[in-house]
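Engineer: any chance you could fold what I've pasted below:
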Amino acid sequence: MKIIDNFITDEEAKIITNYIFDNEQTVKDMGPDMYNGTSPDSLTGRWQEYNWLSSEVCGSILIPKLSKVLPNLYIRLWANIFRQGEGILAHHHDDVGRTSGNLYLSGPENSKTHYARSGPVNNKIGTLTLFDSRHVHWVEPNPTVTPRISMAFDTMEYYPDDRTFIPLGTHDD
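Structural biologist: Now for the predicted structure:
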């Protein structure tokens, strides 16, 4: 696991957070919630529907930074909004051992993401956590009225047959 504090600035986090709120319903309208580990009708459950990096707002901020940390990979990035009482059950992203990540954007003080074997990580605005996709992790239900906003992603080393992955860095293929 690797934690990168100040991966994005507070201002960049605010811009992305506002964009997520403004486009939440549009993304939800793209398809059904396909994940049972969160609340019904969750934004997280649309993780296969839309790559937030394809937007000018998110892409212009995040692609150059992610390309430096994860060059020559393909990435699918989705947004999470956990309102009061919402969290995500323990899960992992696949059995292959690719790089996955969490970017914390906004939320209550003392928010944590829990990682099996590693313990909880205190979330700080603008912090990126990279981890092996097999690493089990979860978020306890949000006890506050302040929504917890983050983005999560998976990477691949080759172009998958999936329209929601986009390239980072430079690719020769």
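Engineer: low pLDDT regions in this protein?
Structural biologist: Within the chain, the set of residues satisfying pLDDT under 70 comprises 170-173.
Engineer: remind me, longest helix of it?
Structural biologist: The longest helix of the chain (DSSP state H) is helix 10-28.
Engineer: next, the buried residues of the helix or strand that that helix is followed by.
Structural biologist: Sequence-wise, the next helix or strand downstream of helix 10-28 (DSSP states H and E) is helix 56-69. For helix 56-69, the buried set under the neighbour-count rule, 16 or more other C-beta atoms under 10 Å, comprises 58, 59, 61, 62, 63, 65, 66, 67, 69. Quick note: C-beta positions are derived from backbone N, CA and C, even for glycine.
Engineer: one more: stretch 1-14?
Structural biologist: Across stretch 1-14, burial judged by 16+ other C-beta under 10 Å covers 7, 8, 12, 13.
Engineer: what's the end-to-end length of that stretch?
Structural biologist: Counting by C-alpha to C-alpha, to the nearest Å, you get 25 Å between the two ends of stretch 1-14.
Engineer: same check on stretch 30-49?
Structural biologist: Across stretch 30-49, the straight-line distance between its terminal residues is 6 Å, by C-alpha to C-alpha.
Engineer: which residues are in contact with it?
Structural biologist: With contacts defined as C-beta atoms under 8 Å, 6 or more residues apart in numbering, stretch 30-49 is touched by 20, 24, 27-28, 50, 76, 78-83, 85-89, 91, 152, 162, 164.
Engineer: hmm, try it at 10 Å
Structural biologist: Defining contact as C-beta atoms under 10 Å, 6 or more residues apart in numbering, one finds that stretch 30-49 is touched by 20-21, 23-25, 27-29, 50, 76-83, 85-91, 93, 138-139, 141, 149-150, 152-154, 162-164.
Engineer: before we move on, back to that, report the buried residues of the longest helix of the chain.
Structural biologist: Of the residues in helix 10-28, 12, 13, 15, 16, 17, 19, 20, 23, 27, 28 count as buried by neighbour count, 16+ other C-beta under 10 Å.
Engineer: any chance of those in TSV, plus distance to residue 38?
Structural biologist: Formatted as TSV, the entries for the buried residues of helix 10-28 read as follows, by distance: C-beta to C-beta, whole Å:
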residue	distance to residue 38
12	25
13	21
15	24
16	20
17	18
19	20
20	15
23	18
27	14
28	12
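Engineer: can you name the two of those residues that are farthest apart?
Structural biologist: Pairwise distances across these (C-beta to C-beta) peak at 24.0 Å, for the pair 12 and 28.
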